[in-house]
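Enquirer: Mind looking at a prediction? Sequence and model below.
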Amino acid sequence: MRHDLGESLIQRLPFGHPVTAVDVARLESILREAFVALRFHRPGSLAVLNLACGRADETGALAAALAPMEIARYLGLDLRDGTIEEARKRWALPGGQIEFRAGDGSAIHRLEQMPAWDLIFIRHQNFYHDPSRWDRLFGNALSALAPSGLLVCTSYFDREHELMKASLRTRGASLLWDVCPPGSRPLFDAPGKSVDRRLAFFCNSCERLDDNPIAARECIPTE
């Protein structure tokens, strides 16, 4: 399989389940709308960090949603070796640098020779699992952002999403947009759980993406 996404990213390995392609296509659409609404545009090429990336299914959605901006460097981190190996097989970035590492996303401050990241993405953050580790991860992610960079998080659960927002706000993050997109695919291993149920977009406090201030758009869960 060779599927070109945007200008340079290539998907070499198909997803393991057909429904995954539907999920990431929905995610791409939501991200593209948000980037346009937030007037997110960076001169030159981008450095993108994907924390707790798992298989990194969302890599293609990120590249497509950011187009025509191009990714020059992409790093995915996850604790699980097996999922990282699958990500390495799936994605290629000719003309750029793409890397997937087994590592602790809450310890990115220890990584050497890292750029300031234009976009940091966390899909299905898991604050419930280990609040102290995730609080530390969120703080380090904010510190790693380039000026006017974006931190984007998605959540499975409404309550967990609110906890994530509270954690980031206590660390000085500014909420730019909180989205409750329709069409989230239900998951039946826990009540109220669904794929990319909520998305939130943050920047560091007192920063904005261009010369015009952006009012926060915050959604109210329906359940």
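Expert: Cool, got the structure.
Enquirer: From the structure, what's the count of residues near Pro182?
Expert: 7 (other CB atoms under 10 Å). The way it works is simple: take the backbone N, C-alpha and C, and place the C-beta from them, glycine included.
Enquirer: cool, Ala21 as well?
Expert: Neighbours of Ala21 under the rule other CB under 10 Å: 14.
Enquirer: Doesn't it belong to a helix?
Expert: Yes. Counting by DSSP: H, G, I helix; E, B strand; the rest coil, Ala21 falls inside a helix.
Enquirer: Which residue, other than its chain neighbours, is closest to it?
Expert: Among residues not flanking Ala21 along the chain, Phe15 sits closest, at 5.5 Å (CB to CB, 6 or more residues apart in numbering).
Enquirer: so where's the chain shaky on pLDDT?
Expert: Applying pLDDT under 70 to the chain flags residues 1-7, 206-223.
Enquirer: all helices for it, in order.
Expert: Under the criterion DSSP state H, the chain carries helices at the ranges 18-37, 59-66, 81-90, 131-144, 158-170.
Enquirer: circling back to that earlier point, wait, the residue nearest to Ala21 touches Ala25, no?
Expert: No. Phe15 lies out of contact with Ala25 (CB atoms under 8 Å); the separation is 10.9 Å.
Enquirer: Those two: who's more crowded?
Expert: Taking other CB under 10 Å, Phe15 and Ala25 do not tie; Phe15 has more neighbours (18 against 12).
Enquirer: Now the more buried one: phi and psi?
Expert: phi -70, psi 150 (degrees, to the nearest 10).
Enquirer: And the residue most central in space within the chain, how far from Phe188?
Expert: Against the mean C-alpha coordinate of the chain, by CA atoms, centre = their mean, the closest residue is Phe121 at 2.0 Å. According to CB to CB, to the nearest Å, Phe121 stands 26 Å off from Phe188.
Enquirer: Ok, Gly76 next?
Expert: From Gly76 to Phe188 the distance is 28 Å (CB to CB).
Enquirer: Look at these two and report which has more neighbours.
Expert: Legend: neighbour count by other CB under 10 Å for Gly76 and Phe188, higher for Gly76 (27 against 7).
Enquirer: correct me, but the more buried one touches Ala102?
Expert: No. Applying CB under 8 Å as the test, Gly76 and Ala102 come out as separate, 10.0 Å apart.
Enquirer: What helices and strands are in contact with the longest strand along the chain?
Expert: Ranked by residue count and defined by DSSP state E, the top strand of the chain is strand 145-155. Applying 3 or more CB pairs under 8 Å, 6 or more residues apart in numbering; DSSP states H and E, one finds that strand 145-155 contacts helix 18-37, strand 117-122, helix 131-144, helix 158-170, strand 198-204.
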